[in-house]
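Q: below: sequence and its predicted model.
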Amino acid sequence: MIIIIMGVSGAGKSTVGKLLAKSLDWDFFDGDSFHPETNIEKMSNQIPLNDIDRIPWLEKMRNAIDEWLENNKNVVLACSALKQTYRHYLLTNTKNVKIVYLKGSFNLCAQRLQERKNHFMKFEMLQSQFDILEEPKQAIIIDAEKSPEEIVYSIRKNLYNNPI
């Protein structure tokens, strides 16, 4: 199974994803590691990505998801997946790929980004993410303001009815 933790920057995707993967004894991957260097350079210079910029990133993640599923690998993937078209592209298998949306307010995510060190995604780019965000209709939706432990508990309860 693949669990995609989605949301804007600062929602807690990586923190929650790592904790969830550890609690399940699964692998964790961060969607940021799939970006080509040109995308990271753009975002580092506070230039929002467009859909064309995201195509190689989405293709790399989709190929990884297909490979993980083919090899029966259980993975938690932290990935913004802000638009429905991106999620649709990544969801090649709705039975074995689940979406968890960490829904956070602009203020919460802005505060977290301002506290973050050594990351290419800066506070100044946050509004561009909220501008393109299409909240999912088919997902487990969790308040990003909860503690990471509470979020992991909720995810496990929603997916397995087995939170521990």
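A: Looks like it arrived, so ask away.
Q: quick one, what contacts Ala5?
A: No Ala there; residue 5 is Ile. By Cβ atoms under 8 Å, 6 or more residues apart in numbering, the contact set of Ile5 is Lys13, Val16, Gly17, Leu20, Val76, Leu77, Ala78, Cys79, Val100, Leu102. In this view, the C-beta of every residue, glycine as well, is placed from N, C-alpha and C.
Q: confirm the last one sits in a helix?
A: Going back to what we said before, that points to Leu102. No - assignment of Leu102 by DSSP: H, G, I helix; E, B strand; the rest coil gives strand, placing it outside any helix.
Q: quick one: it and Val16 touch, right?
A: Yes - at 6.5 Å, Leu102 and Val16 qualify as touching, with contact defined as Cβ atoms under 8 Å.
Q: quickly list what's touching both of the two.
A: By Cβ under 8 Å, 6+ apart, the residues touching both Leu102 and Val16 are Ile5, Ile151.
Q: alpha carbons of the longest helix along the chain, as CSV, please.
A: The longest helix of the chain (DSSP state H) is helix 51-70. Output in CSV follows, covering the C-alpha atoms of helix 51-70 (Å, rounded to 0.1, in the frame of the first residue of the first chain):
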residue,chain,number,x,y,z
ASP,A,51,2.3,22.8,-14.4
ILE,A,52,5.0,22.2,-17.1
ASP,A,53,7.7,22.4,-14.4
ARG,A,54,5.8,19.8,-12.4
ILE,A,55,5.6,17.2,-15.2
PRO,A,56,9.0,15.5,-14.6
TRP,A,57,8.4,15.6,-10.9
LEU,A,58,5.1,13.9,-11.2
GLU,A,59,6.4,11.3,-13.7
LYS,A,60,9.3,10.3,-11.4
MET,A,61,6.8,9.9,-8.5
ARG,A,62,4.3,8.0,-10.6
ASN,A,63,7.1,5.6,-11.8
ALA,A,64,8.2,5.1,-8.2
ILE,A,65,4.6,4.4,-7.1
ASP,A,66,4.2,1.9,-9.9
GLU,A,67,7.4,0.2,-8.9
TRP,A,68,6.5,0.1,-5.2
LEU,A,69,3.1,-1.4,-6.0
GLU,A,70,4.6,-4.0,-8.4
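Q: and the contacts of the helix or strand following that helix?
A: Proceeding N to C from helix 51-70, the next assigned helix or strand is strand 75-78, under DSSP states H and E. Defining contact as Cβ under 8 Å, 6+ apart, one finds that strand 75-78 is touched by 1-5, 13-14, 16-18, 20-21, 24, 26-32, 61, 64-65, 68.
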